[in-house]
Every structure is written in structure tokens, then in C-alpha cells.
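In: Could you look at this predicted model? Sequence included:
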Amino acid sequence: MPDFIPHFSVLLAFGAATFVLAITPGPDMAYFISRTINYGKSHGVAAVFGALSGLFVHTLLAAFGISVLLALAPTAFFTLKIIGALYLFWLAIQALRTNGTMALQGKSNRTPTLKQSYFTGLGINLTNPKIILFFVTFLPQFVSNDDPHASGKLLFLGAEFLIISTPVVLGVVLMAGWLGRVLVQSQKAQQALNWSFAAVFATFAITILMVESKR
């Protein structure tokens, strides 16, 4: 197996976290559903690819930045991992505290172009602070301080994130009408997803803190 491919257990754990994150309601999902319901599936797909382009940018920036930090400041990298674990734990708590239903945008008088749907999806993704912090604090948990192939592994995990997320979010577009009704009207459905999100990231946070405290 090439050195830049993480261990299978790492791929499995990261894939599970990616899937839970992809199905958890948020600004991106609300935008996909709104565009699909209001303007058709083509606009929903355009919005999805805009967001996926944003994820690709996040992956490149995070992989490059983390690799530089790992090479130049190992202590700072260790600190980033601890901050990341605490941030994941905070995300888990916030998910448990979320009780409101997801709000979908209404239809405007002027129909947007597919390019506008794409770039709006890109903008929402690039400027979402939770996604920025997720990439900066979550990806470092899957490489070690002395790994010479860290940059390649980070890029590989970013590719895995895109591969897993793409069919999930395209599925959201295909089932937009049903999902929109369920997520807007059913508080229990959103709570179930939030509890799943909280369980996965709390587990990661606790594991990371325990491992780092033993070093």
C-alpha cells in the first residue's frame, strides 16, 4: 500500500465521521433543499457542486497549512490537536442543545441562473466558520507528529471526504421535497441527527484527549 494512504481503521473512522457530518442539517443542506424545491433539481445540483468546490478548497488549505505547521512547529501542532479535540467536544454539546427546526429559504421573484446557484453554494461553504474550523481542527487528528507522509495522507482524507459527501448531498437534492417536509416539520428527526452527530464527535474528542495525555 502506498505510504500516503492512511491505515484502513483511520479511513473507516474518518468515513463514519464524514457521513454523519454530511447528513446533519445545516446551512448547506438548507440551501440545497431550498434551491431544489424552488427552482428545480438542476439548481440543487449546481448548489451542491458549488459547496463541493468549497470543500476542495478547504482540503487544500488545511492540508498545506497543517503540513507546514507539522514541519516547522511540532509543539504548535500538538496544541492544535488538543484545541481540535476540545472543539469537537463543543460541537457535540452544541448539537445536543439545538432544538429549533431548519429554516428553508422562500422563492424569490427573480429566477437565478445556474451559475448564481453554484457560486452561492460555493460562498456559503467557504464562509461557514464551522466548516473552516472543522477542517483545521479535525484533519490533524488523523496524522501523527513524526509522520513524513502527513501531507499526502491529509490530501487523501480530503478526497475521501469529497467521495463520501458527494452521493449523500446529491441524494438530498433527489429527495428534497420529502426531506424538506421532514426536517422543517419534525423536530424529532433533527434531534435524532444531532444526537448522532454529538455521539460521533464526543467519542472522537474523548479518544484524542486520552491518547494525547498519555504521550
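Out: All right, it came through fine. Computed from a predicted model, the values in this text were never measured in an experiment.
In: what ranges do the helices span in the chain?
Out: Residue ranges of the helices in the chain, as given by DSSP state H, are 8-23, 27-39, 41-72, 74-97, 114-126, 129-138, 150-174, 176-185, 187-213.
In: Of all those, which one is nearest residue 144?
Out: Ranking these by proximity to residue 144 (C-beta to C-beta) places helix 150-174 first, at 7.6 Å. Using the backbone N, CA and C atoms, a C-beta is placed for each residue, glycine as well.
In: what's around residue 75, how many residues?
Out: As a burial measure, residue 75 scores 9 neighbours (other C-beta atoms under 10 Å).
In: now do residue 112
Out: Using other C-beta under 10 Å: residue 112 sits among 17 other residues.
In: Now for it: which residues touch it?
Out: Contact partners of residue 112, counting by C-beta atoms under 8 Å, 6 or more residues apart in numbering, are 39, 43, 120.
In: Counting neighbours, which of those residues comes out on top?
Out: Busiest of the contacts of residue 112 [other C-beta under 10 Å] is residue 43, holding 25 neighbours.
In: Which residues are in contact with that one?
Out: Contacts of residue 43 (C-beta under 8 Å, 6+ apart): 35-36, 112, 114, 117.
In: Residue 23 versus that one, what's the distance?
Out: 21 Å (C-beta to C-beta, to the nearest Å).
In: tell me the residue furthest from the middle of this protein?
Out: Distance from the C-alpha centroid of the chain, by C-alpha atoms, centre = their mean, peaks at residue 109 (31.7 Å).
In: With residue 118 as the reference, measure out to that one.
Out: Applying C-beta to C-beta to residue 109 and residue 118 gives a distance of 21 Å.
In: now swap in residue 198 and tell me
Out: Taking C-beta to C-beta, one finds residue 198 at 32 Å from residue 118.
In: What of residue 36?
Out: Relative to residue 118, and taking C-beta to C-beta, residue 36 is found at 14 Å.
In: tell me, what's touching the two both at once?
Out: Shared contacts of residue 36 and residue 118, counting by C-beta under 8 Å, 6+ apart, come down to residue 47.
In: between those two, who's got more neighbours?
Out: Legend: neighbour count by other C-beta under 10 Å for residue 36 and residue 118, higher for residue 36 (25 against 20).
In: what pLDDT, on average, does stretch 47-59 get?
Out: Across stretch 47-59, the average pLDDT comes to 92.
In: contacting residues around that stretch?
Out: 28, 31-32, 35-36, 117-126, 131-132, 135, 154-155, 158-159, 161-162, 165-166, 169-170, 172-173.
In: Quick check: buried residues in that stretch?
Out: 47-55, 58-59 (16 or more other C-beta atoms under 10 Å).
In: would you list these in CSV and tack on distance to residue 143?
Out: Shown next, in CSV, are the buried residues of stretch 47-59 (distance: C-beta to C-beta, whole Å):
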residue, distance to residue 143
47, 32
48, 29
49, 28
50, 29
51, 25
52, 23
53, 24
54, 23
55, 19
58, 16
59, 14
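In: what's the most distant pair in these?
Out: Farthest pair in the buried residues of stretch 47-59, by C-beta to C-beta: 47 and 59, 19.1 Å.
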